[in-house]
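*Asks:* Kindly return the folded structure for what I paste below:
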Amino acid sequence: MFHLKIKIKLEEYYRKYRSGWMKYKYGLVIGFFAFITFVVGDSNLLRRYSYDEKIRDLEKEISYYRKEMETSRKKISDLRFNREWLEQYAREEYFMKKENEDIFIIVDK
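*Replies:* Numbers count the residues shown, from 1 in each chain. Coordinates of the predicted model:
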């Protein structure tokens, strides 16, 4: 008798709260928090995409500057240890000359 009353009350409770939108309450709550997290929150998908794009651009820039540093190191070592190359570089970049030379600078217009 007592078990029958509990069973009837449980069935009423089940029908009352499992009908309508309450069937989907866990899904709605999870969907709501997913919406807040991925669309409205501080780390939404649009910002994450823009941050990833910035990271890719910065990594490209890093690789470019590493290559530039390597070429600059090569030039510095050549300037230190190769006197002929140092003279050639000074003539080309700074228009220096030897005592018996004349330099003519031709400018294209």
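*Asks:* Where does residue 66 fall, secondary structure wise?
*Replies:* helix 45-81 (DSSP states H and E).
*Asks:* Let me know the angle separating the helix or strand following that helix from helix 45-81.
*Replies:* Elements were assigned by DSSP H and E; along the chain past helix 45-81, the next helix or strand is helix 83-94. Angle of helix 83-94 versus helix 45-81, following axes from the mean of the first three to the mean of the last three CA atoms, to 10 degrees, is 120 degrees.
*Asks:* other SSEs contacting the helix or strand of the chain with the lowest mean pLDDT?
*Replies:* Ranking every helix and strand in the chain by mean pLDDT, DSSP states H and E puts helix 2-17 at the bottom, with a mean of 75. Contact partners of helix 2-17 among helices and strands, from 3 or more CB pairs under 8 Å, 6 or more residues apart in numbering; DSSP states H and E: none. For the C-beta atoms, the positions are set from N, CA and C on the backbone; glycine is no exception.
*Asks:* what packs against the next helix or strand after it?
*Replies:* With elements assigned by DSSP H and E, the helix or strand that comes after helix 2-17 is helix 25-35. Contact here means 3+ CB pairs under 8 Å, 6+ apart; on that basis helix 25-35 packs against no helix or strand.
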